[in-house]
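Novice: Pasting the sequence and the predicted coordinates here, then a few questions.
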Amino acid sequence: MDDASTVGISQQVRAPARLALAQLALAILTIALTPILFRLSELDPTATAFYRTALALPLIALWASVERRLAPRSGGFRIVQVDGLLLAAAGLVFAGNIVNYAWAVHLTSVANASLISNSSPIFVSLGSFLFLRDRFSRGFIAAMVAALVGLLILTGDKLALGGDHLIGYGLGLLSALFFAAYLVIVGRLRRRLGPATVMLWTGIFTALALLAATLVMSESLMPAASRGWAVLIALAVLSYTLGQGLLTAALAGLSATFSAVALLCLPVSAALLGWALLGEALSLHQAFGGIIILASILAARLTSR
């Protein structure tokens, strides 16, 4: 093979990767608005999470119809039975992720909820170890211990108090666990299905699960004013349709583990937005604990096998 051919192939390989990275960066920018909008919502967290998905479904359905027209004969857009089961599973675990995150933001600060909820790389790595037989390196174990130390520093002043903050931390961890499962499942689905197809079907299952949870918890589904609807529409368009849609598209060209690590930018962005828009300044020990957690998770990903 001559040099010109080699350069051409290299450029063809790099182009999708650069596109996926750009999609991931834009996804991070829009998803970072999620905790702020959750806090501004007039509705309770579960009902807000339901509207975040349900109001986005018409836009995603339009996107899916365009996607099908652009590739009408593509076998990659045909859903088989296994894909259907994975789509349902992805929708349910994403419902678990978003409702736990919504309540975590409600019970503790935006910064703390975002830091803990974005510890999903830990669970992605653990899932790789349990189901893919990946092995832990010594560096990985050390990084996990450091992450736990950072978590203790972050929550140190709240552990003695207990109450809502401690519950918020627990829900944040559950959110991270569910999101790790979501990334792994969607990463597999994107090998065969288009991003809009994945978003549409997972969104349907997510909306149904969140609607059931809202009704069980007897939460109101009607905002009191037009401002409440504006916040819900912003969540649906910016956070879910654009943010989650771009993330789903990016997973075709990036691994779930790399995406999970890159999403560690989210708590930093959310903390800055919480400080700027909600006046939630970080204390020194919270900032220190957060830095340890983020650095430890990154180190765990770099040293894992």
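Specialist: Looks like it came in fine. Since we're looking at a predicted model, the values are computed, not measured.

Novice: Can you give me the neighbour number for Ala90?
Specialist: By other Cβ atoms under 10 Å, 26 other residues sit near Ala90. The C-beta positions use only the backbone N, C-alpha and C, and glycine is treated the same way.

Novice: cool, the one 4 residues further on as well?
Specialist: Phe94 is flanked by 26 other residues according to other Cβ under 10 Å.

Novice: Ile204 is in contact with that one, correct?
Specialist: No: taking Cβ atoms under 8 Å as the definition, Phe94 is not a contact partner of Ile204, at 11.2 Å.

Novice: so what's His285 closest to, chain neighbours aside?
Specialist: Spatially, and ignoring its direct neighbours in sequence, His285 is nearest to Ile153 (5.9 Å; Cβ to Cβ, 6 or more residues apart in numbering).

Novice: so what's the one you found scoring on pLDDT?
Specialist: Looking at Ile153, its pLDDT reads 72.

Novice: what does Pro267 give?
Specialist: As predicted, Pro267 sits at a pLDDT of 69.

Novice: got it, and Leu130?
Specialist: At Leu130, the model reports a pLDDT of 65.

Novice: How about Arg73?
Specialist: Model confidence at Arg73, given as pLDDT, is 53.

Novice: ditto for the one 3 residues further on
Specialist: Gly76 is assigned 47 on the pLDDT scale.

Novice: count of neighbours near the residue nearest to His285?
Specialist: Neighbourhood size, Ile153 [other Cβ under 10 Å]: 18.

Novice: Mind telling me what element it is part of?
Specialist: Applying DSSP states H and E as the criterion places Ile153 in helix 138-159.

Novice: from the chain's centre, how far out does the helix or strand just after that helix sit?
Specialist: Moving toward the C-terminus from helix 138-159, the next helix or strand (DSSP H and E) is helix 163-189. Taking Cα atoms, centre = their mean, to the nearest Å, one finds the center of helix 163-189 at 8 Å from the center of the full chain.

Novice: begin at 865 from here
Specialist: Right, with 865 as the first residue, what we last looked at is helix 1027-1053.

Novice: got the buried residues for helix 1027-1053?
Specialist: Neighbour-count burial for helix 1027-1053, counted by 16 or more other Cβ atoms under 10 Å, picks out 1029-1030, 1032-1033, 1035-1053.

Novice: Tell me which other helices or strands it touches.
Specialist: In terms of contacts (3 or more Cβ pairs under 8 Å, 6 or more residues apart in numbering; DSSP states H and E), helix 1027-1053 is packed against helix 945-971, helix 974-981, helix 984-995, helix 1002-1023, helix 1059-1080, helix 1120-1126.

Novice: what about it, average pLDDT?
Specialist: For helix 1027-1053, the mean pLDDT works out to 83.

Novice: Next, the angle helix 974-981 makes with it.
Specialist: Using axes from the mean of the first three to the mean of the last three Cα atoms, to 10 degrees, the direction of helix 1027-1053 lies 50 degrees away from that of helix 974-981.

Novice: quick one, what contacts the spatially closest residue to Thr898 that is not a sequence neighbour?
Specialist: In this structure, Thr898 finds its nearest non-sequential neighbour in Ser1103, 4.5 Å apart by Cβ to Cβ, 6+ apart. Counting by Cβ atoms under 8 Å, 6 or more residues apart in numbering, Ser1103 makes contact with 894-895, 897-898, 901, 916.

Novice: at 10 Å instead, please
Specialist: Contact analysis of Ser1103 by Cβ atoms under 10 Å, 6 or more residues apart in numbering lists 894-902, 916-917, 920, 962.

Novice: These in helices, which ones?
Specialist: 894-895, 898-902, 916-917, 962 (DSSP state H).

Novice: from these, which would you call buried?
Specialist: 894-895, 898-902, 916-917, 962.

Novice: closest to Met1086 among those residues?
Specialist: Closest to Met1086 out of those is Arg916 (15.8 Å), distances taken as Cβ to Cβ.

Novice: Test my guess that the closest one contacts Leu1075.
Specialist: No: contact criterion Cβ atoms under 10 Å: Arg916 and Leu1075 do not qualify, at 11.9 Å.

Novice: Residues that sit against both of the two, list them.
Specialist: By Cβ under 10 Å, 6+ apart, no residue touches both Arg916 and Leu1075.

Novice: quick revisit: could you name every residue contacting both of Phe958 and Ile1068?
Specialist: Both Phe958 and Ile1068 are in contact with Thr917, where contact means Cβ under 10 Å, 6+ apart.
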